[in-house]
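Q: I'd like to go over a predicted model; first the sequence, then the structure.
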Amino acid sequence: MTKNETLNSGVTKAVIPAAGLGTRFLPATKATPKEMLPIVDKPAIQYVVEEASASGLQDVLVIIGRNKGNIVDHFDSVPELEIALEKKDDANKLERVRAVSEIADVHMLRQGQPLGLGHAVLCARQHVGDSSFAVLLGDDLIDERDPLLPQMIAEHDKRQATVIALMEVPEESIHLYGCADVETTEDPSVVRVKSLVEKPDAASAPSNLAVIGRYVLRPEIFELLEKQGPGRGGEIQLTDALNTLAESDSDSVGPVYGVLFKGRRYDTGDKADWIKANLRLGVENEDFGAELKDWIRDFASNLES
């Protein structure tokens, strides 16, 4: 398929890799997937599925690993719980429980071994087929008030190209991310990606633009991932395949563009950021946000400098 050929369909499917071991949260994640850790009153992965659905992607494939069965359970219906809530006449909770299984058409696929993000994406090949698709990382939350994925899908449709999300980060943090070398386009919110490097040190990083966990990928990514050997950390890195696309002059694969995101994002894979996400979203909760704000103000006023 060349970049000028029409895709079999538009972007209608989302892939959420959620097979990681969650070692940064041990021992909390010894038996509970990090994606199921709550942000206020919902597990983190529910926010991601809701984002996909709100972006028009009703077909969602979650890539899971061992001991991730409660992710499956969360998006399934629970008749006995619904009956219990009906008997208690608790309509509010009943509605919220039922809504979880109706967010989208959620499928699960097990990744046999945790061989890297690129391998997790490759596992989705049979489900996705020959169409472009979105990838949303399960521990990367984008605030619903700052929609990102719809803009990325629109840029994909406009340019018929792979699109990734980029965000400026402090220079001292760039080693935690994939980093992009870019050039400007006619749109100040969109850049063309010349190359990508996975987790560079600050001295050698080409910019302070970090790749964050949203991608709109064309199906040729699968062939690249299939041929690609292990990269950094001995894993199959999605960044390496994207770099191959970015640096290619071939019309058969096309360029890579980046959408510059300036909105609110929460990295729930990091302990401190997970706590911050709970606080930031908690203070806006209509049930207890005001109480939490008052407590935070009082707590902060008594902190030692």
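A: Noted; the coordinates are in hand.
Q: got any ranges where this protein has weak pLDDT?
A: Applying pLDDT under 70 to the chain picks out residues 1-9, 230-231, 233-234, 249-254, 305.
Q: Which parts of the stretch 151-300 of the chain are strands?
A: 162-168, 178-184, 190-198, 209-217, 256-260, 265-267 (DSSP state E, counting those that start in this stretch).
Q: Relative to V128, which of those is closest?
A: Proximity to V128, assessed across the strands of the stretch 151-300 of the chain by C-beta to C-beta, is greatest for strand 209-217 (8.8 Å). Yep, even glycine has a C-beta here, placed from its N, CA and C like the rest.
Q: Note down every partner strand of the closest one and its orientation.
A: Using DSSP bridges, strand 209-217 pairs in its sheet with strand 133-136 (antiparallel), strand 162-168 (antiparallel), strand 178-184 (antiparallel).
Q: Contacts for the second one next, please.
A: Residues lying outside strand 162-168 but in contact with it, judged by C-beta atoms under 8 Å, 6 or more residues apart in numbering, are 148, 152-153, 155-156, 180, 182, 191, 193, 208-218, 221, 242, 245, 254-262, 265.
Q: and those, which are buried?
A: 148, 152-153, 155-156, 180, 182, 191, 193, 208-218, 221, 242, 245, 254-261, 265 (16 or more other C-beta atoms under 10 Å).
Q: Break the chain down into its domains, please.
A: 13-269, 271-305 (automatic domain parsing).
Q: Pick the most buried one from those.
A: Counting by mean count of other C-beta atoms under 10 Å, domain 13-269 has the highest mean neighbour count of the domains of the chain, with a mean of 18.
Q: Show me the helices in the stretch 1-150 of the chain, by range?
A: Secondary structure of the stretch 1-150 of the chain (DSSP state H, counting those that start in this stretch): helices at 44-54, 69-74, 79-87, 91-100, 117-122, 125-128, 149-159.
Q: Out of those helices, which is closest to A31?
A: Here helix 69-74 is closest among those (C-beta to C-beta), at 9.0 Å.
Q: Check the offset of that closest one from the chain's centre.
A: Counting by C-alpha atoms, centre = their mean, to the nearest Å, helix 69-74 is centred 18 Å from the centre of its parent chain.
Q: Which strands and helices lie in contact with it?
A: With contacts taken as 3 or more C-beta pairs under 8 Å, 6 or more residues apart in numbering; DSSP states H and E, helix 69-74 sits against helix 44-54, strand 59-64.
Q: Any chance of JSON lines for the ones you listed, columns distance to A161?
A: Shown next, in JSON lines, are those (distance: least, C-beta to C-beta, whole Å):
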{"stretch": "helix 44-54", "distance to A161": "21"}
{"stretch": "strand 59-64", "distance to A161": "22"}
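Q: between the ones you listed, which one is nearest to G22?
A: G22 lies closest, by C-beta to C-beta, to one member of the helices and strands packed on helix 69-74: helix 44-54, at 10.9 Å.
Q: which residues sit against that closest one?
A: So helix 44-54 is contacted by 14, 16, 18, 33-39, 60, 62, 71, 74-75, 100, 103-104, 106, 134, 136-142, 144, 147, 149, 268 (C-beta under 8 Å, 6+ apart).
Q: Which strand residues bridge the residue nearest to T184 when sequence neighbours are not counted?
A: Once flanking residues are discounted, T184 sits nearest to V191: 6.0 Å by C-beta to C-beta, 6 or more residues apart in numbering. Each beta-bridge partner of V191 is listed here: T184, G258, as defined by DSSP bridges.
Q: If anything else comes up later, I'll come back, but that's it for now.
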